[in-house]
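K.L.:
Okay, structure incoming, though there's no sequence with it:
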């Protein structure tokens, strides 16, 4: 067994302590230069603002938060306010701001955000934010505009594009559709419309389309043959949804229980009632005899006359004097009386 002298053991222990001290000093120096493990270099930490390489904006303008973001590694975090820098570029234009231009703008308009050190891109490229406009959306906007401005309460408008719509890119902004041109006949079964899309700041584009349309509405339809003179409340009718554009003179809203209404013409089974199909039931009929009161100032004469055409109260009809056979006109007062003014 080898015996180690005390002096040699002391020297070995001193050498170990010196090595450990040297390693500690080296680690401390590396931390001061490079930072602690996982730390951000000082040059990067000093940069509080980071310039983005690209930015997309809407029509409201270019704002600071579109171009610059706060550096998450900054020693002093900042909040980027929504400050408007400039107007948005046009749809087909691109704007480019360098880092120096943005820093200069901050110095003039927001000095509290001016940074001595930056990170990120050297310049930012700015374009408009776009989105696709498909056939479903443009058809809905067209339908709403035509319904509101032209069809109104005539029924529910349905549109079909004759040619498929190719999706187009438009600004990602709220827009309105404005009808520019429509045939004088208005909305018909086939027609051409020209329209424009506008945002609050600009006109996007205009198009011309060939459309096919239907105006659907619930109408009265005869379920069986109906004779002229049948009271409307007794007629065999049903409500069906039809395209009123295919009807010559569609019948408007009407009270089927009105006892004063009757059919003015023969109506075949399955045929919708038109405006001419219904009339107020006459109180005097053609060929009947009524009393005509002829008034001339304070003078009043009553004679018997032959009614030459059906009439309702307030309607002027032709009548004939039974004795002289002379024809003249009078206004129907009621079932028995016709007023004649000289």
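P.N.:
In hand now; what should we look at? For clarity, every value in this text was computed on a predicted model and none was experimentally measured. Numbers count the residues shown, from 1 in each chain.
K.L.:
May I see the buried residues of stretch 204-218?
P.N.:
For stretch 204-218, burial by neighbour count (16 or more other C-beta atoms under 10 Å) applies to 204, 209, 211, 213-215, 217. Where C-beta positions appear, they are placed from N, C-alpha and C, glycine not excepted.
K.L.:
Need the contact partners of stretch 232-239.
P.N.:
Residues outside stretch 232-239 that contact it (C-beta atoms under 8 Å, 6 or more residues apart in numbering): 218-224, 226, 254, 256-259, 261-263, 273, 278.
K.L.:
chain center to that stretch, what's the gap?
P.N.:
How far stretch 232-239 lies from its chain's middle: 39 Å, per C-alpha atoms, centre = their mean, to the nearest Å.
K.L.:
for it, what is the average pLDDT?
P.N.:
Averaging pLDDT along stretch 232-239 gives 90.
K.L.:
And it, what's buried?
P.N.:
Buried residues in stretch 232-239 (16+ other C-beta under 10 Å): 232, 235, 237.
K.L.:
hang on, the earlier thing: would you convert the buried residues of stretch 204-218 into JSON lines that also reports secondary structure, distance to residue 187 and pLDDT?
P.N.:
Shown next, in JSON lines, are the buried residues of stretch 204-218 (DSSP: H, G, I helix; E, B strand; the rest coil; distance: C-beta to C-beta, whole Å; pLDDT from 0 to 100):
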{"residue": "204", "secondary structure": "strand", "distance to residue 187": "24", "pLDDT": "93"}
{"residue": "209", "secondary structure": "strand", "distance to residue 187": "13", "pLDDT": "97"}
{"residue": "211", "secondary structure": "strand", "distance to residue 187": "9", "pLDDT": "97"}
{"residue": "213", "secondary structure": "strand", "distance to residue 187": "5", "pLDDT": "97"}
{"residue": "214", "secondary structure": "strand", "distance to residue 187": "10", "pLDDT": "97"}
{"residue": "215", "secondary structure": "strand", "distance to residue 187": "7", "pLDDT": "96"}
{"residue": "217", "secondary structure": "strand", "distance to residue 187": "13", "pLDDT": "93"}
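K.L.:
can you name the two of those that are farthest apart?
P.N.:
For those, the farthest-apart pair by C-beta to C-beta is 204 and 217; their separation is 33.6 Å.
K.L.:
which one of the buried residues of stretch 204-218 sits closest to residue 287?
P.N.:
residue 217 (38.6 Å).
K.L.:
the helices in the protein, which residues?
P.N.:
6-34, 42-46, 64-67, 99-109, 135-146 (DSSP state H).
K.L.:
Could I get the full set of strands for the stretch 201-342 of the chain?
P.N.:
For the stretch 201-342 of the chain, the strands defined by DSSP state E, counting those that start in this stretch cover 203-222, 237-243, 261-263, 278-280, 289-296, 299-307, 316-321, 327-332, 337-341.
K.L.:
returning to what we had before: TSV please, covering the buried residues of stretch 204-218 and showing distance to residue 68.
P.N.:
Shown next, in TSV, are the buried residues of stretch 204-218 (distance: C-beta to C-beta, whole Å):
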residue	distance to residue 68
204	29
209	43
211	47
213	51
214	54
215	54
217	57
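K.L.:
So, low pLDDT: which residues of the chain?
P.N.:
For the chain, the stretches with pLDDT under 70 are 1-47, 73-77, 115-116.
K.L.:
Give me the residue at the spatial middle of it.
P.N.:
residue 141 (4.6 Å; C-alpha atoms, centre = their mean).
K.L.:
Any figure for the gap between that residue and residue 154?
P.N.:
Distance, residue 141 to residue 154, using C-beta to C-beta, to the nearest Å: 20 Å.
K.L.:
OK, contacts around residue 84?
P.N.:
60-64.
K.L.:
swap that for residue 272, sorry
P.N.:
With C-beta under 8 Å, 6+ apart, residue 272 has these contacts: 219-222, 240, 242, 247, 250-251.
K.L.:
Adding distance to residue 185 and neighbour count, write these out as a markdown table.
P.N.:
Conversion of the contacts of residue 272 to a markdown table gives the following (distance: C-beta to C-beta, whole Å; neighbours: other C-beta atoms under 10 Å):
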| residue | distance to residue 185 | neighbour count |
| --- | --- | --- |
| 219 | 21 | 21 |
| 220 | 25 | 21 |
| 221 | 26 | 18 |
| 222 | 28 | 20 |
| 240 | 25 | 13 |
| 242 | 20 | 19 |
| 247 | 15 | 17 |
| 250 | 15 | 20 |
| 251 | 21 | 16 |
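K.L.:
want to throw the residues you listed into TSV with distance to residue 95?
P.N.:
As requested, these are exported to TSV (distance: C-beta to C-beta, whole Å):
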residue	distance to residue 95
219	58
220	63
221	63
222	68
240	59
242	56
247	57
250	56
251	61
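K.L.:
Show me which of those residues is closest to residue 292.
P.N.:
The closest of the contacts of residue 272, once distances to residue 292 are taken by C-beta to C-beta, is residue 251, at 34.3 Å.
K.L.:
For the closest one, which non-adjacent residue is closest in space?
P.N.:
residue 273 (4.8 Å; C-beta to C-beta, 6 or more residues apart in numbering).
K.L.:
correct me, but the one you found touches residue 219?
P.N.:
Yes: applying C-beta atoms under 8 Å, one finds residue 273 in contact with residue 219, separated by 7.1 Å.
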